[in-house]
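Asks: could you work out the structure for the sequence below:
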Amino acid sequence: MSKEKSGIWKSEAARKERKERLARQKDSSKQKKSIRGYNLAGRVIGIIVAIAIIFSLAVWLLFSTGLMQRWVTAVTIGDTKLSVADVNTVFGLQSINPQRWNLGNVFTDAGQELLETELSFSGEGLDNYRDFVAKSAINEWKTAVAIYEEGQRNGFTMSEEDQKRVEGSIEQFKISIEQEATKNNISVPVLMKSTYGPGSRLEELEKYLKMSFYVEAYLTDYSQSIKITDADIQEAYEENKDPYDMVAYREIEFVAEFPKQTDEKTQESIENHTKAQAEKMKQDLEAGEDFFAAAKNYISNAETKKRLETEPESFEHKFRGMSNITNSELKDWLFDDARKEGDIAVIESTAAATVLPDSNVNPEPADQANVDKYKSFMVVEFDSRSPQNVKPYSTRHILFSADQGEVVSDAKLKGQAEVVLAEYERGEKTEESFAELAKKHSKDANAEQGGLYEKISLGQFVEEYESWALDPSRKKGDVGLVKTIHGYHLIYYIGSEGEEVWKEAVGKKILDTRIEEWHKNLTKNIKYKEHSLGKNMVGKTGILRLIFG
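Replies: Numbers count the residues shown, from 1 in each chain. Presented below is the predicted three-dimensional model:
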């Protein structure tokens with residue numbers, strides 16, 4: 001068969017096959033059949049699924065990499081737009097701060113579960129800790145932005161010195177983050193994400209820190225512009241004297257000690273007898289008897305009797321402000337407006353207290369009935385009340401105390417102090433020579449600084465130390481030996497300076513009040529808008545939490 005003929009047959013066969021295929025695609029009316037429905041639907045579904053997968057991957061990438069948190073605005077405060085990452089940065093800072101919420105790294109799985117814990121206290125619109133911290137973080141931003149924008153409007157700029165301090169602080173903060181990451185064998189981005197949330201970078205931290213330092217500088221500048229006159233101070237003092245006054249008095253405690261498991265009748269008898277002794281002392285004082293002589297006549301406790309002989313100054317209290325007196329009944333009596341010099345009272349404790357046989361051991365609940373119980377009756381003789389007209393003072397001291405776990409007698413500690421005092425007396429008797437002795441002998445933490453404490457304000461030190469230093473007769477170079485609960489203190493008096501405590505305290509109160517009013521007005525009047533999508537993302541990780549809450 002020739003090649004030509006074979007080619008014709010093949011072409012005819014192809015044409016025939018094509019005609020048959022076309023015929024099958026036509027219906028009875030000789031029109032072309034439509035494509036089958038299930039093929040079209042399948043293609044549409046396939047396209048939709050593909051788009052959904054691509055969209056999901058895109059969303060996942062946006063959220064997991066933090067791009068979404070940096071792009072989406074959570075709140076607008078004034079003229080400042082804050083992204084979710086911005087708010088999360090402060091959210092994280094507050095969460096890890098022991099002085100705030102102390103929740104740790106809340107952008108971990110464990111931290112997220114913790115944030116979902118329901119609040120044990122009520123709060124409008126606050127269902128869990130996440131809501132609570134989010135509100136706090138936004139409020140912190142609101143305060144910062146309000147003051148920042150006010151400073152900008154008034155043309156305030158930070159000094160070069162402050163700018164350098166800011167740059168140094170931010171650099172130190174970055175170094176601390178890098179060190180923390182290295183310590184935990186993780187990268188900085190991983191640490192940032194677990195602490196401050198997805199999308200939070202060093203840039204967000206730097207933005208907040210720079211604004212915070214600016215706010216601090218502007219607040220300082222603004223506070224210095226507030227003028228407070230002596231008349232302002234006197235008027236505020238007259239309106240409320242109690243927090244700025246101090247009292248002097250003598251006080252001794254009569255204790256009604258009950259043996260263990262004493263019956264109520266016996267307890268009452270002991271209480272009545274103890275109270276009667278206190279009342280007798282009061283009567284003697286009213287008749288003109290000396291406080292210490294009267295106390296010795298009626299006190300029965302052996303330890304208290306010994307202190308009356310060896311440490312009579314421990315029953316005299318001077319320079320005591322309201323914050324230094326813990327007993328509420330005593331405080332109320334001493335600061336009563338009707339109180340006058342020479343007033344005497346017996347003040348009863350409000351409830352029975354407990355004294356343990358071993359003060360270092362706490363009783364189990366079942367053993368509470370076996371501890372010693374007592375009521376006390378304080379005999380108090382009022383001396384004086386005045387404004388806190390003392391000034392901050394400076395001293396050096398050498399502390400003699402037992403090491404932790406060491407038992408040293410009082411006499412031995414006192415002897416050690418007296419030996420060093422004698423060494424000082426034999427020497428040059430200067431502040432410098434005292435400082436050298438402090439470095440050599442003091443058990444206090446500031447021994448390396450020569451025992452120096454500067455500008456000590458009223459109430460900062462224990463009463464015995466304070467009473468010695470604030471004695472009106474005290475002068476520079478005075479040296480004294482004082483016993484306190486910490487041990488024996490050899491003290492060198494340097495001097496006092498500055499404003500009287502009451503004036504400084506009242507002035508600070510006025511200043512704080514005026515700044516608070518100014519700040520409230522700023523935050524009240526600043527524009528504020530929440531953006532629902534971004535606001536809902538604050539404090540969250542994971543797509544499900546971010547999208548559905």
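Asks: how far away is I515 from N139?
Replies: Distance check for I515 against N139: by CB to CB, to the nearest Å, it reads 17 Å. Placement of C-beta: from N, CA and C, glycine included.
Asks: also K503?
Replies: 33 Å.
Asks: between the two, who's got more neighbours?
Replies: K503 (19 against 12; other CB atoms under 10 Å).
Asks: could you give the mean pLDDT of the helix or strand where the more buried one lies?
Replies: Under the criterion of DSSP states H and E, K503 resides in helix 501-525. Taken as a whole, helix 501-525 has an average pLDDT of 96.
Asks: buried residues, that helix. List them.
Replies: Buried residues in helix 501-525, counted by 16 or more other CB atoms under 10 Å: 501-507, 509-510, 514, 519, 522.
Asks: stretch 224-236 now?
Replies: 233, 236.
Asks: contacts for it, please.
Replies: The set of residues external to stretch 224-236 that reach it, using CB atoms under 8 Å, 6 or more residues apart in numbering, is 503, 506-507, 509-511, 514-515.
Asks: can I get those residues in a markdown table including distance to Q99?
Replies: Below are the contacts of stretch 224-236 laid out as a markdown table (distance: CB to CB, whole Å):
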| residue | distance to Q99 |
| --- | --- |
| K503 | 30 |
| V506 | 27 |
| G507 | 26 |
| K509 | 23 |
| I510 | 26 |
| L511 | 23 |
| R514 | 25 |
| I515 | 21 |
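Asks: so what does the helix holding K503 touch, helix or strand wise?
Replies: Other helices and strands packing on helix 501-525, by 3 or more CB pairs under 8 Å, 6 or more residues apart in numbering; DSSP states H and E, are helix 129-153, helix 202-225, helix 230-239.
Asks: where does the stretch 51-200 of the chain dip in pLDDT?
Replies: For the stretch 51-200 of the chain, the stretches with pLDDT under 70 are 51-66, 122-123.
Asks: let's see that with 50 instead.
Replies: Residues of the stretch 51-200 of the chain that meet the criterion pLDDT under 50 lie in 55, 58, 60-61.
Asks: residue contacts, the nearest residue to T108 once chain neighbours are set aside?
Replies: Nearest-residue entry for T108: S194, 5.0 Å, with adjacent residues in sequence omitted and distances by CB to CB, 6 or more residues apart in numbering. By CB under 8 Å, 6+ apart, the contact list for S194 reads 105, 107-108, 111.
Asks: now the host helix or strand of N88, how far from the centre of its chain.
Replies: Per DSSP H and E: N88 is located in helix 84-96. On the basis of CA atoms, centre = their mean, to the nearest Å, helix 84-96 sits 17 Å off its chain's mean C-alpha point.
Asks: mind giving me the packing neighbours of it?
Replies: Applying 3+ CB pairs under 8 Å, 6+ apart, one finds that helix 84-96 contacts helix 67-71, strand 73-77, helix 129-153, helix 188-196, helix 202-225.
Asks: tell me which residues in that helix are buried?
Replies: 84-96.
Asks: reformat those as CSV; add distance to H441.
Replies: Formatted as CSV, the buried residues of helix 84-96 follow (distance: CB to CB, whole Å):
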residue, distance to H441
V84, 58
A85, 55
D86, 54
V87, 54
N88, 53
T89, 49
V90, 48
F91, 50
G92, 47
L93, 43
Q94, 44
S95, 45
I96, 41
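Asks: which of the residues you listed lies closest to A294?
Replies: Taking CB to CB as the measure, A294 sits nearest to Q94 out of the buried residues of helix 84-96, at 57.1 Å.
Asks: the closest one and K142, how far apart?
Replies: Distance from Q94 to K142, by CB to CB: 14 Å.
Asks: do the same with G155
Replies: For G155 relative to K142 (CB to CB), the value is 22 Å.
Asks: more neighbours, these two?
Replies: Taking other CB under 10 Å, G155 and K142 do not tie; K142 has more neighbours (19 against 6).
Asks: tell me the pLDDT of N362.
Replies: pLDDT at N362 comes out at 40.
Asks: elements contacting the biggest strand by length in the chain?
Replies: Using DSSP state E, we find that the single longest strand of the chain is strand 372-387. Counting contacts by 3+ CB pairs under 8 Å, 6+ apart, strand 372-387 packs against strand 245-258, helix 264-286, helix 328-334, strand 344-348, strand 353-355.
Asks: and the contacts of the fourth one?
Replies: Under the contact criterion CB under 8 Å, 6+ apart, strand 344-348 has outside partners 275, 278-279, 282, 285-286, 327, 329-330, 333, 375-382.
Asks: what kind of secondary structure is F319 in?
Replies: Under DSSP: H, G, I helix; E, B strand; the rest coil, F319 falls in the strand class.
Asks: measure it to Q388 for me?
Replies: Taking CB to CB, one finds F319 at 8 Å from Q388.
Asks: can you check which residues contact both of the two?
Replies: Shared contacts of F319 and Q388, defined by CB under 8 Å, 6+ apart, are found at 246, 458.
Asks: and the closest residue to E180 other than its chain neighbours, how many neighbours does it have?
Replies: Nearest residue to E180, sequence neighbours excluded (CB to CB, 6+ apart): L191, at 6.1 Å. For L191, the neighbour count with other CB under 10 Å is 18.
Asks: quick one: contacts for L191?
Replies: 177, 180-181, 184.
Asks: swap in 10 Å and give it another go.
Replies: 105, 177-178, 180-184 (CB atoms under 10 Å, 6 or more residues apart in numbering).
Asks: my read is L481 is in a strand, agree?
Replies: Yes: counting by three-state DSSP, L481 falls inside a strand.
Asks: how near is it to A422?
Replies: Distance from L481 to A422, by CB to CB: 11 Å.
Asks: what's the span of stretch 446-457 from first residue to last?
Replies: End-to-end distance for stretch 446-457, by CA to CA, to the nearest Å: 18 Å.
Asks: other residues contacting that stretch?
Replies: With contacts defined as CB under 10 Å, 6+ apart, stretch 446-457 is touched by 388, 390-399, 431-432, 434-442, 444, 460-461, 465-466, 469-470, 489-492, 494, 496-498, 501, 504-505.
Asks: how many residues are close by N105?
Replies: 17.
Asks: make sure it is indeed in a strand.
Replies: No: read with three-state DSSP, N105 is coil and lies in no strand.
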